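Asks: Provide a 3D model corresponding to the input given below.
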Amino acid sequence: MRANARQSHDAGIELLGIADEYKQLRSESSDKAALKLAMLADPDLAEYYLGRSVRRGSVAAVLRFLGYGIPTTPRDIKY
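Replies: Numbering: from 1, shown residues only. You can find the predicted model right below:
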């Protein structure tokens, strides 16, 4: 996906906002780690920001890392 400079800039600002929210949830995370989590959580924005493809399907992993405990297998579901 090719993005122009304006789209890349706008995506970066939005990703930084998401990263700031993640930093509030996990204050021990570095700015760099929070930005990477934001890019994994929203690959569409990350593609505009980076100008290249980004791994898909990692939203659940990001949410688990942040402590939301999203179950991934039937064993993980608490009844």
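Asks: Give me the below-cutoff pLDDT ranges for the chain.
Replies: Counting by pLDDT under 70, the chain contains low-confidence ranges at 1-3, 68-79.
Asks: try 50
Replies: Low-confidence regions of the chain, defined here as pLDDT under 50, cover residues 74, 76-79.
Asks: so where do the helices sit in it?
Replies: 5-25, 31-41, 43-50, 59-65 (DSSP state H).
Asks: TSV for those, including mean neighbour count?
Replies: (Each C-beta comes from the backbone N, C-alpha and C, glycine too.) Formatted as TSV, the helices of the chain follow (neighbours: other C-beta atoms under 10 Å):
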stretch	mean neighbour count
helix 5-25	15
helix 31-41	19
helix 43-50	19
helix 59-65	15
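Asks: Could you measure from residue 22 over to residue 58?
Replies: When distance is defined by C-beta to C-beta, to the nearest Å, residue 22 is 14 Å away from residue 58.
Asks: typed the wrong thing, it's residue 12
Replies: Taking C-beta to C-beta, one finds residue 12 at 19 Å from residue 58.
Asks: What of residue 26?
Replies: Distance from residue 26 to residue 58, by C-beta to C-beta: 16 Å.
Asks: got it, and residue 28?
Replies: Counting by C-beta to C-beta, the gap from residue 28 to residue 58 is 20 Å.
Asks: Show me which of the two is the more surrounded one.
Replies: Neighbours were counted for residue 28 and for residue 58 using other C-beta atoms under 10 Å; residue 58 has more, 15 against 6.
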